[in-house]
Every structure is written in C-alpha cells, then in structure tokens.
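>>> when you get a sec, could you give me coordinates for this:
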Amino acid sequence: MVVDDLSDEAVDRLFHALADATRRSILHRCVRGELSVSRLAEVYPMSFAAVQKHVAVLERAGLVTKQRRGREQLVRTDPEAIVRARQVLDELEMAWRGRVDRMARLLAQDSDPEQNTPTEGRDR
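The predicted structure follows:
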C-alpha cells in the first residue's frame, strides 16, 4: 500500500493506536511471534476485556491481525503496517526538512548585506 493511498482517517487511527504505551508494548510483543489475547492479558495489570480493547484499536489501525484458532484468538503484527507508519513519518520529515531549508535560505539572504540594500525613501 502506498502512503498516498492512506486516508487522513487511516493515518489518524494508525497514530492514535501508537500513542498508547500499552498498545506499543502489545505490538512489540507480537512482532516476536503471534500470541493469544489471553497470553497477552497475563502480562498487563488490567482486565482481559481491557487488553481486548487495546488489541481492537491496533486491529482497526491495521497494525495487527487476529485469527481464531480453536478457543484462542491469536494476535500477529502486520509488518506492512509498520512500513506504512514509517513511510508516513518519512513524508512528514521530508516536508519539515523542506520548510527548515527554506527558512535557512531566507535567513541567509536576510543576513547578506548585498541582498539587503536599503531602498530610497525607506527609514531604517
């Protein structure tokens, strides 16, 4: 999936999901291999239902997938979603670097006395 294809809502869901430390932790654990929701719930000082809600946020953002195997729901990180998040951040970085470069050029022009000759009739 190309980043340009991501809607604003998809990017919002992605970064909303990553904004929470518990969800980042769940994501990190699932990168190492698929885990059941019940196994994940053992690690966190919260209810099973709360962990399920965190997993649901990650799933809506496309960061993880859930697959039912018997009585368990296995959670797996989607590596492509991580790539998409990195691409969105890279695009933001490029935009900001461009702005900083333009500001640096403007400041350099401002400090160059040859560029700043006073015009007639203008008080300094």
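>>> biggest helix in this structure by residues?
helix 79-111 (DSSP state H).
>>> where do the strands sit along this structure?
35-36, 64-69, 72-77 (DSSP state E).
>>> nearest to Ala95, of those strands?
Proximity to Ala95 (CB to CB) singles out strand 72-77 among these, at 27.4 Å. Bear in mind the C-beta positions are built from the backbone N, C-alpha and C, glycine included.
>>> how far off strand 64-69 does the closest one point, in degrees?
Angle of strand 72-77 versus strand 64-69, following axes from the mean of the first three to the mean of the last three CA atoms, to 10 degrees, is 150 degrees.
>>> quick one: buried residues of strand 72-77?
Of the residues in strand 72-77, Gln73, Leu74, Val75, Thr77 count as buried by neighbour count, 16 or more other CB atoms under 10 Å.
>>> output the below-cut-off pLDDT ranges for the protein.
The chain contains residues with pLDDT under 70 at 1-4, 112-124.
>>> centre of the chain to the longest helix of the chain, how far?
How far helix 79-111 lies from its chain's middle: 15 Å, per CA atoms, centre = their mean, to the nearest Å.
>>> quick one on the thing from earlier: nearest to Val43, of the buried residues of strand 72-77?
Closest to Val43, out of all of the buried residues of strand 72-77 and judged by CB to CB, is Val75, at 12.3 Å.
>>> so the closest one touches Gly33, yeah?
No - at 10.1 Å, Val75 does not count as touching Gly33 under the criterion of CB atoms under 8 Å.
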